[in-house]
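A.B. asks: 3D model of this:
(chains A and B, ligands or ions: 2)
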Amino acid sequence: MSTTMVAALNAALRDSLREDASVHVLGEDVGTLGGVFRVTDGLAAEFGAQRCLDTPLAEAGILGTAVGMAMYGLRPVVEMQFDAFAYPAFEQVVSHVAKMRNRTGGRMGLPITIRVPYGGGVGGVEHHSDSSEAYYAHTPGLHVVTPATVADSYGLLRSAIASDDPVVFLEPKRLYWSAADFSPAEVSTAQVPPIGRAMVRRPGTSATLLTYGPSLPVCLEAAQAARAEGWDLAVVDLRSLVPFDDETVCAAVRATGRAVVVHEAAGFAGVGAEIAARVTERCFHHLAAPVLRVTGYDIPYPPPMLEKHHLPSVDRILDAVARLQWEQ
Amino acid sequence: MTVLDDSTAPGLVGPPHSHGPRRDPAPLLPDPEPVRILGTPAAKTFDAELQRDLYRRLVLGRRFNQQATTLTRQGRLAVYPASTGQEACQITAAMVLREVDWLFPSYRDTLAVVARGVRPLDALTLMRGHAHSGYDPYEHRIAPLSTPLATQAPHAVGLAHAARLRAATDPAAAEDLVALALVGDGGTSEGDFHEALNFAGVLGAPVVFLVQNNGYAISVPLASQSAAPSLAHKAVGYGIAGRLVDGNDALAMHSVLSAAVEHARSGRGPVLVEAVTYRLDAHTNADDATRYRSAAEVDAWRARDPLTLLEGHLRAAGLLDDAGVAAAAKAAEVLAGEIRAQFDNPPDPDPDSLFTHVYARPTSQLREQAAELAARLDADADAALAAATDAEDEAR
Ligand SMILES: Cc1ncc(C[n+]2csc(CCOP(=O)(O)OP(=O)(O)O)c2C)c(N)n1
Ligand SMILES: [Mg+2]
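C.D. replies: Residues are numbered from 1 along each chain as shown, chains lettered A, B, ... in the order given. Ligands and ions are numbered 1, 2, ... in the order given. Model prediction:
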């Protein structure tokens, strides 16, 4: 059965709402319209306007209200309409959502899922294409999860909603309309992927590409193209930036001795910098070359007609692989 | 100027265009002057035992503020934002709530937290610097003291809304609760305050917002903070009721807050109460209030001290005599003694607590970091022990 990422996310919300009466969806346009990307399509009709609530247009208010709902034992799933429009809610995320368990000595956890469509490559005008993962990943107390496949969209969102910790769930909007042979109805609870485990999407022997979210298909394409150059590239899909799966990542890097981190977000002080540092600290004696990064440039996200230069491409990835000191 | 005299022009006839209902703002408007009961005929009909109870509690509240301030001088509290002068607000905020209700305090509201039943040592844990919050929010139905201004206001809305949702879907678990959020005058300028009022109005959540308008946000006077007719008027724009009350009149505070809480509880919607009061002490023990307000101003407000206003009224009404005053003072000394005893050698915080409650289960990274700190502390302890043994040997 061919299923799009949007449909898989919708199914995850629907199944969570059905199985757990404490789950409540809220956000801008999530009710009657079904969300601007239709991820919440049909939920208000099936579960009622209170379970899938069209809120006033105020992101801090949405998240602050969700905090209070979670304090009372509900499991709010908040939709932020776009990456850059989640910023008004940042204080609530950083000062309360992330810290409440810690502030209360473990007495009050906030099981809130914050869904954020993120990333570029869709021709969006400014403020519609940000990759904001580093802001969240730098905030202790949050889990930061990003699916790259249709099946993971379903499974990881189920896990995020079931988590007793707050999860920032970053949905690569570029992949919203990607489709795969996947049927949510056939997924048993045991198959739902846990949060915090990376996945080797392609085994390889020459070098390891470490990536997540919207950049996974680009890396897989690069690995395919690299075969012509005689390189057999492994590709690791991180899936969860926090918690970070050091074990899977280090095993995959040690197996090849070479690594490139790929993401759309600006490189400076980005998630890739953390990954390169962690891999270097933990795998130094297995490395034949420094860990390289292929990322967005350190610029505000560009206008649509220029975004192709900014986004990591197959060519930029292969160029980085070529620089991994093969002649040694 | 163009005069439109052709009343048959298209678009100019028929009912005005309207997206949604229009409401009459009149019932939402606060009184032009703060509600007062002390010194008015209404004081005569106010329950006598309740008046005496308010007095005793205000005396305890004042003593609490004094004792906490003393603890800062002794270095036992890192900081204390006193509510001296605002005791009528703090005490009544706790008194009008039922057990089922929730309180959402800010950093200035430790007294309200204690008045709701939290042990002083636990209520002051934040100020001691031992932990961010020292009491169980579920046991007392009090959110942790919130320092980022007004950010707790939307939490009150969400919790009150959630209680309504649960009551609708699970009548057996229904709780007729009200959430009371405490905010300062400066806090009303924050976006979160605005968004909380708006959400409360739209959701019809059983929330009461109590603004303690003490005239200043640290050094900034209200005139630089808002051009609103009053802070209570801010309610009207959100379709909720605004009430203005004399925050130094304990009887008025109790009466207005009780009515507001019952208004919300009965499903008639949220209420914003502005209590006009004054903080007689500096912003915190670290603040120098002489830089922004005059001694004459402070003296004028000292003459309107909520405690002396109430005491004067009770004596005049024959509800309080010297023996009653002495008894209240004695109870206050007992409280102060208890606080001092609680602060005598409280246990030190455990360094391992740094890592235990970041997530429901620590990540592998946090387990590594906890082990690293534990090893360092063990090594430090070993070194200290070795140094002590050496010193003993040398002494021998
Ligand atoms: C979001 C935020 N900004 C700034 C501060 C620093 N700050 C702490 S108290 C305060 C003044 C608050 O005044 P008000 O709301 O009137 O309360 P009061 O201190 O008078 O009780 C400020 C600016 C803060 N705590 N939170
Ligand atoms: Mg103030």
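A.B. asks: so who does the nearest residue in space to residue A:180 that is not next to it in sequence touch?
C.D. replies: Of all residues not flanking residue A:180 in the chain, residue A:150 sits nearest, at 3.9 Å (CB to CB, 6 or more residues apart in numbering or on different chains). Where C-beta positions appear, they are placed from N, C-alpha and C, glycine not excepted. For residue A:150, the contact set (CB atoms under 8 Å, 6 or more residues apart in numbering or on different chains) comprises A:3, A:4, A:5, A:8, A:178, A:179, A:180, A:182.
A.B. asks: make JSON lines from the residues you listed and add neighbour count and secondary structure to it.
C.D. replies: Below are the contacts of residue A:150 laid out as JSON lines (neighbours: other CB atoms under 10 Å in any protein chain shown; DSSP: H, G, I helix; E, B strand; the rest coil):
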{"residue": "A:3", "neighbour count": "20", "secondary structure": "strand"}
{"residue": "A:4", "neighbour count": "18", "secondary structure": "strand"}
{"residue": "A:5", "neighbour count": "28", "secondary structure": "helix"}
{"residue": "A:8", "neighbour count": "27", "secondary structure": "helix"}
{"residue": "A:178", "neighbour count": "17", "secondary structure": "coil"}
{"residue": "A:179", "neighbour count": "15", "secondary structure": "strand"}
{"residue": "A:180", "neighbour count": "15", "secondary structure": "strand"}
{"residue": "A:182", "neighbour count": "22", "secondary structure": "coil"}
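A.B. asks: now tabulate these in JSON lines and tack on pLDDT.
C.D. replies: Conversion of the contacts of residue A:150 to JSON lines gives the following (pLDDT from 0 to 100):
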{"residue": "A:3", "pLDDT": "96"}
{"residue": "A:4", "pLDDT": "98"}
{"residue": "A:5", "pLDDT": "98"}
{"residue": "A:8", "pLDDT": "98"}
{"residue": "A:178", "pLDDT": "97"}
{"residue": "A:179", "pLDDT": "97"}
{"residue": "A:180", "pLDDT": "97"}
{"residue": "A:182", "pLDDT": "95"}
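A.B. asks: would you reformat those residues as CSV and include distance to residue B:212?
C.D. replies: Rendered in CSV, the data for the contacts of residue A:150 read as follows (distance: CB to CB, whole Å):
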residue, distance to residue B:212
A:3, 54
A:4, 52
A:5, 49
A:8, 50
A:178, 54
A:179, 57
A:180, 57
A:182, 56
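A.B. asks: those: which two are farthest apart?
C.D. replies: Maximum pairwise distance among those (CB to CB): 10.8 Å, between A:178 and A:182.
A.B. asks: how many neighbours does the residue of the stretch 1-150 of chain B found nearest chain A have?
C.D. replies: Nearest residue of the stretch 1-150 of chain B to chain A, counting by CB to the nearest CB: residue B:132, 4.1 Å away. Counted by other CB atoms under 10 Å in any protein chain shown, the residues lying close to residue B:132 total 17.
A.B. asks: cool, residue B:167 as well?
C.D. replies: 15.
A.B. asks: how about residue B:385?
C.D. replies: Burial measure for residue B:385: 10 neighbouring residues, criterion other CB under 10 Å.
A.B. asks: what secondary structure does it sit in?
C.D. replies: Reduced to three states with DSSP: H, G, I helix; E, B strand; the rest coil, the structure at residue B:385 is helix.
A.B. asks: one more: residue B:212?
C.D. replies: Reducing the assignment at residue B:212 to three states with three-state DSSP gives strand.
A.B. asks: below-threshold pLDDT in the chain: ranges please.
C.D. replies: Unless you meant another one, I'm taking chain A. Under the criterion pLDDT under 70, the flagged ranges of chain A are A:328.
A.B. asks: oops, chain B please
C.D. replies: When the per-residue scores of chain B are filtered using pLDDT under 70, the ranges that remain are B:1-17.
A.B. asks: distance check, residue A:303 against ligand 1.
C.D. replies: Taking CB to the nearest ligand atom, to the nearest Å as the criterion, residue A:303 is separated from ligand 1 by 34 Å.
A.B. asks: ok, now how distant is residue A:111 from residue A:66?
C.D. replies: Residue A:111 sits 10 Å away from residue A:66, taking CB to CB, to the nearest Å as the criterion.
A.B. asks: now the strands: where do they sit in chain B?
C.D. replies: Taking DSSP state E to define them, one finds strands in chain B at B:102-104, B:179-184, B:207-213, B:216-217, B:220-221, B:241-246, B:271-276.
A.B. asks: a markdown table for these, including distance to ligand 1 and mean neighbour count?
C.D. replies: Compiled in a markdown table, the strands of chain B are given as follows (distance: least, CB to the nearest ligand atom, whole Å; neighbours: other CB atoms under 10 Å in any protein chain shown):
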| stretch | distance to ligand 1 | mean neighbour count |
| --- | --- | --- |
| strand B:102-104 | 14 | 28 |
| strand B:179-184 | 2 | 30 |
| strand B:207-213 | 6 | 30 |
| strand B:216-217 | 3 | 19 |
| strand B:220-221 | 8 | 14 |
| strand B:241-246 | 16 | 26 |
| strand B:271-276 | 11 | 29 |
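A.B. asks: how about TSV for those strands, with distance to residue A:115 added?
C.D. replies: Below are these laid out as TSV (distance: least, CB to CB, whole Å):
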stretch	distance to residue A:115
strand B:102-104	26
strand B:179-184	26
strand B:207-213	26
strand B:216-217	35
strand B:220-221	38
strand B:241-246	35
strand B:271-276	32
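A.B. asks: want to try CSV for the ones you listed, with distance to ligand 2 as columns?
C.D. replies: Compiled in CSV, the strands of chain B are given as follows (distance: least, CB to the ion, whole Å):
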stretch, distance to ligand 2
strand B:102-104, 17
strand B:179-184, 4
strand B:207-213, 7
strand B:216-217, 5
strand B:220-221, 9
strand B:241-246, 16
strand B:271-276, 11
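A.B. asks: so residue A:235 lies in a strand, does it not?
C.D. replies: Yes - Residue A:235 forms part of a strand when assessed by three-state DSSP.
A.B. asks: tell me which residues touch it, please.
C.D. replies: Contacts were defined as CB under 8 Å, 6+ apart; by that measure residue A:235 touches A:200, A:201, A:202, A:204, A:208, A:209, A:211, A:216, A:219, A:220, A:223.
A.B. asks: try it again at 7 Å.
C.D. replies: Residue A:235 sits next to A:201, A:202, A:209, A:211, A:219, A:220, A:223 when contact means CB atoms under 7 Å, 6 or more residues apart in numbering or on different chains.
A.B. asks: and residue B:270, how far from chain A?
C.D. replies: Here the distance between residue B:270 and chain A works out to 13 Å (CB to the nearest CB, to the nearest Å).
A.B. asks: show me the contacts for that residue.
C.D. replies: In this structure, residue B:270 makes contact with B:200, B:201, B:205, B:207, B:208, B:240, B:264, judged by CB under 7 Å, 6+ apart.
A.B. asks: nearest to ligand 2, of those?
C.D. replies: Checking those against ligand 2 with CB to the ion, the nearest one is residue B:208 at 18.4 Å.
A.B. asks: isn't that closest one right up against residue B:262?
C.D. replies: No - the pair residue B:208 / residue B:262 is not scored as a contact, 9.7 Å apart, by CB atoms under 7 Å.
A.B. asks: residues of stretch A:237-253 that come out buried?
C.D. replies: Counting neighbours by 16 or more other CB atoms under 10 Å in any protein chain shown, one finds that the buried residues in stretch A:237-253 are A:237-246, A:248-250, A:252-253.
A.B. asks: now do the domain split for the chain, please.
C.D. replies: Here I'm looking at chain A. As assigned by automatic domain parsing, chain A contains the domains A:2-191, A:199-326.
A.B. asks: oops, chain B please
C.D. replies: In the recorded assignment (automatic domain parsing), chain B comprises B:26-342, B:353-386.
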